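J.: With the input below, show me the fold.
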Amino acid sequence: MSANELPVTDGAAAAPLHTSIHGDGPAGADHGGEGVWARAWRTLRKNPVAIIGFVIVAVFVLVALLAPVLAPYGGTELPGRADVRPTMIPGPSAEFPLGLDRYGGDVLSKLIWGAQASLLVGVLSTLFGLTGGLLLGLLAGWFGKWVDFAVMRLVDLMLSVPSLLLAVSIAAIVGQSSMAVIIAIGVVQVPIFARLLRGSMLAQKGQDYVLAASALGLTRRSVTMSHVLPNSVGPVIVQATLSLATAVIEAAALSFLGLGGGEPSTAEWGRMLTAAQQELAVAPRLAILPGICIAVTALGFTLVGESLREALDPRNRTRR
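T.: Down below sits the predicted model:
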């Protein structure tokens with residue numbers, strides 16, 4: 001279950017018990033003394049799939065952060081309003097490289113500002129879900145017994161509802177706003193992180209270094225927080241990367257359904273798709289361009305997450 005779990009030698013009990021995922025303890029380093037994350041990074045640098053994923057993510061993040069500099073117009077500006085006709089939407093030109101939309105907004109500018117909106121929703125919702133999942137997973141893995149049973153039944157209940165349906169329900173209850181989308185997507189991710197951390201902690205509890213720490217008289221709190229938890233977060237970090245891809249898609253889906261708030265002309269990829277529905281016969285590019293942005297961004301995070309998962313897999317490290 002744990003992606004960074006490594007065999008422990010018989011001498012682990014005599015080694016310092018300051019274990020961590022950075023390689024300074026029995027579960028944090030391989031037999032050659034190289035840290036798990038250091039080895040994973042070395043593997044990722046040689047993986048062309050990972051490189052492509054990192055490039056896509058880097059471009060997406062840079063465009064989002066530099067939107068005020070890169071975008072020719074503001075996200076709410078409609079510089080071409082006077083050029084739009086009921087039966088004609090101007091296409092690409094020198095002034096508007098990707099053309100205008102139905103409201104007279106510059107499509108290029110809206111795509112750039114949409115990247116910023118997607119990054120904000122994706123990161124905040126993933127952090128929300130990660131925080132809630134870590135708390136629940138830590139409670140279940142630390143206390144066990146009836147606490148574990150209660151937490152896991154709550155997780156099972158949340159997982160029994162389709163994620164998109166649960167997100168739509170939460171967003172509809174909270175209200176039509178960007179914060180509602182963040183909360184909805186974050187709540188959907190909580191049970192995933194909780195179950196993953198709980199399983200990883202249970203796997204680590206049976207390791208020799210944990211038994212050695214307990215035999216030396218360390219308290220359960222010290223063993224859990226200083227040794228078990230740091231060595232259990234590897235799979236959670238990988239899942240967080242994959243969840244960013246899901247968050248971008250779900251944010252666009254909720255905005256497409258009108259749950260993201262804002263005006264129809266809002267510079268957000270999901271809202272752009274909604275506005276483009278009526279213009280498919282006249283200007284299909286209005287739907288194709290934001291669709292490509294959503295797909296490529298999600299692909300980038302997915303490639304990074306899958307590559308990171310393979311690099312941290314102990315079976316792959318053994319074969320190397």
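J.: Can you give me the neighbour number for Met225?
T.: 13 (other Cβ atoms under 10 Å). C-beta coordinates here come from the backbone N, C-alpha and C atoms, glycine included.
J.: What's the per-residue pLDDT of it here?
T.: Looking at Met225, its pLDDT stands at 76.
J.: and it, backbone torsions?
T.: Dihedral pair for Met225: phi -80, psi -30, per degrees, to the nearest 10.
J.: what do you get for Arg85?
T.: Per-residue torsions, Arg85: phi -120, psi 160 (degrees, to the nearest 10).
J.: mind checking pLDDT for it?
T.: Looking at Arg85, its pLDDT is 83.
J.: That one: neighbouring residues, count only.
T.: Neighbour count of Arg85, defined by other Cβ under 10 Å: 8.
J.: For Met194, which non-adjacent residue is closest in space?
T.: I think there's a mix-up here, since residue 194 is Ala and not Met. Spatial nearest neighbour of Ala194, excluding adjacent residues (Cβ to Cβ, 6 or more residues apart in numbering): Leu136 at 3.8 Å.
J.: and what of Val282?
T.: Closest to Val282 by Cβ to Cβ, 6+ apart is Ile89, at 5.9 Å.
J.: burial count for Ser109?
T.: Around Ser109 there are 23 residues (other Cβ under 10 Å).
J.: pLDDT below threshold where in the chain?
T.: Counting by pLDDT under 70, the chain shows low-confidence ranges at 1-37, 261-262, 264, 313-320.
J.: All the helices of it, residue numbers only.
T.: 36-45, 48-65, 67-70, 107-143, 145-159, 163-174, 178-205, 208-215, 220-223, 234-256, 269-276, 285-312, 314-319 (DSSP state H).
J.: Same list, those helices, but as a markdown table with distance to Glu263 please.
T.: Formatted as a markdown table, the helices of the chain follow (distance: least, Cβ to Cβ, whole Å):
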| stretch | distance to Glu263 |
| --- | --- |
| helix 36-45 | 42 |
| helix 48-65 | 21 |
| helix 67-70 | 18 |
| helix 107-143 | 12 |
| helix 145-159 | 33 |
| helix 163-174 | 18 |
| helix 178-205 | 13 |
| helix 208-215 | 55 |
| helix 220-223 | 51 |
| helix 234-256 | 12 |
| helix 269-276 | 8 |
| helix 285-312 | 16 |
| helix 314-319 | 49 |
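J.: before we move on, the earlier item: contact partners for the residue nearest to Ala194?
T.: 151, 154-155, 190-191, 193-194, 198 (Cβ atoms under 8 Å, 6 or more residues apart in numbering).
J.: Most neighbours out of these, which is it?
T.: Neighbour count (other Cβ under 10 Å) singles out Ala194 as the most crowded of the contacts of Leu136, with 28 neighbours.
J.: need the contact list for the residue most central in space within the chain.
T.: Nearest residue to the geometric centre of the chain (Cα atoms, centre = their mean): Leu244, 2.0 Å. Applying Cβ under 8 Å, 6+ apart, we find Leu244 in contact with 122-123, 126, 301, 305.
J.: For the buried ones among those residues, write the corresponding PyMOL selection.
T.: Selection of buried members from the contacts of Leu244 for PyMOL, criterion 16 or more other Cβ atoms under 10 Å:
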select buried, resi 122+123+126+301+305
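J.: what two of the contacts of Leu244 are the furthest from one another?
T.: Greatest spatial distance among the contacts of Leu244 (Cβ to Cβ): Val123 and Gly305, at 14.5 Å.
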